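K.L.:
Build me a model from this:
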Amino acid sequence: MSAIADYASLLVDAGEYSGRNDIAHLFPRFLGLAELKLNRFLRVAEMEIVDTVAVTNGTGTLPVDFLEAREVKNANGASIRAVALQQLTESYMGRAGIPTGYAIVGSTINVRPVGDGNLTITYYGKIPPLTPANTTNWLLDKAADAYLYSLVEEIAIWERDVGKVGAAQQLKLLAISGLKIGDERSRWGNAQVVVGGPTP
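P.N.:
Sure, this is the predicted structure:
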């Protein structure tokens with residue numbers, strides 16, 4: 001097996017690993033399903049994006065690749081906190097001003113007190129999908145094995161082969177575990193432990 005460098009080589013290797021080159025025309029669909037599942041639970045630094053969201057009358061449209069917020073700041077640069085929608089509505093009813101709280105509702109972000117302006121959002125964005133036009137992305141560059149085994153798992157699910165599904169899933173989870181460990185080390189490898197509580 002040669003190195004997996006792009007979309008085409010990923011599909012070739014998936015065919016070799018699964019032994020199902022005869023259904024290669026279905027691989028792009030399986031790849032989309034694999035990416036859908038990866039987006040549900042994978043959260044690493046490479047997925048973090050900083051963007052500006054314009055808010056009008058307390059409501060703004062989230063980026064199309066939005067998965068989960070890490071931090072939201074108001075126009076003054078102060079972090080605002082996530083709260084339950086009901087609490088957001090009841091606590092700030094009738095008030096206007098600089099937002100101090102927010103709630104995500106579908107593809108929008110609602111802030112209170114109600115106001116206009118820009119929010120700076122740091123969020124986890126979807127993995128850029130691989131296609132014939134978009135042949136590589138950060139995940140393929142960093143963890144091609146996670147991509148490969150995710151795709152092989154989808155092929156096995158289509159085959160209804162429980163044994164293959166289990167084997168591919170185990171390899172996928174090992175690859176993702178390694179990716180997450182590397183992510184944690186890059187974030188916290190040099191962090192100092194601070195113990196809270198009263199000083200004796």
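
K.L.:
which other residues reach the helix or strand of the chain with the lowest mean pLDDT?
P.N.:
The least trusted helix or strand in the chain, going by mean pLDDT, DSSP states H and E, turns out to be helix 85-91, with a mean of 91. Residues external to helix 85-91 that are found in contact with it (C-beta atoms under 8 Å, 6 or more residues apart in numbering): 83, 101-103, 105, 110, 112. C-betas here are computed from N, CA, C, even on glycine.

K.L.:
Tell me the buried residues in it?
P.N.:
For helix 85-91, a neighbour-count test (16 or more other C-beta atoms under 10 Å) marks residue 88 as buried.

K.L.:
Direction included, what does whichever helix or strand comes after it pair up with?
P.N.:
Note on helix 85-91: by DSSP states H and E, the next helix or strand toward the C-terminus is strand 101-105. Strand partners for strand 101-105, identified by DSSP bridges, are recorded as strand 79-82 (parallel), strand 108-112 (antiparallel).

K.L.:
just the CA coordinates of strand 101-105, formatted as PDB?
P.N.:
As requested, the backbone C-alpha atoms of strand 101-105 are provided in PDB (Å, rounded to 0.1, in the frame of the first residue of the first chain):
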ATOM      1  CA  GLY A 101     -25.600  35.400  27.300                       C
ATOM      2  CA  TYR A 102     -26.400  33.300  24.300                       C
ATOM      3  CA  ALA A 103     -28.300  30.200  23.200                       C
ATOM      4  CA  ILE A 104     -28.000  28.200  20.000                       C
ATOM      5  CA  VAL A 105     -31.300  27.500  18.300                       C
END
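
K.L.:
gap between that strand and the chain center?
P.N.:
Strand 101-105 has its average C-alpha position 19 Å from the chain's average C-alpha position, going by C-alpha atoms, centre = their mean, to the nearest Å.
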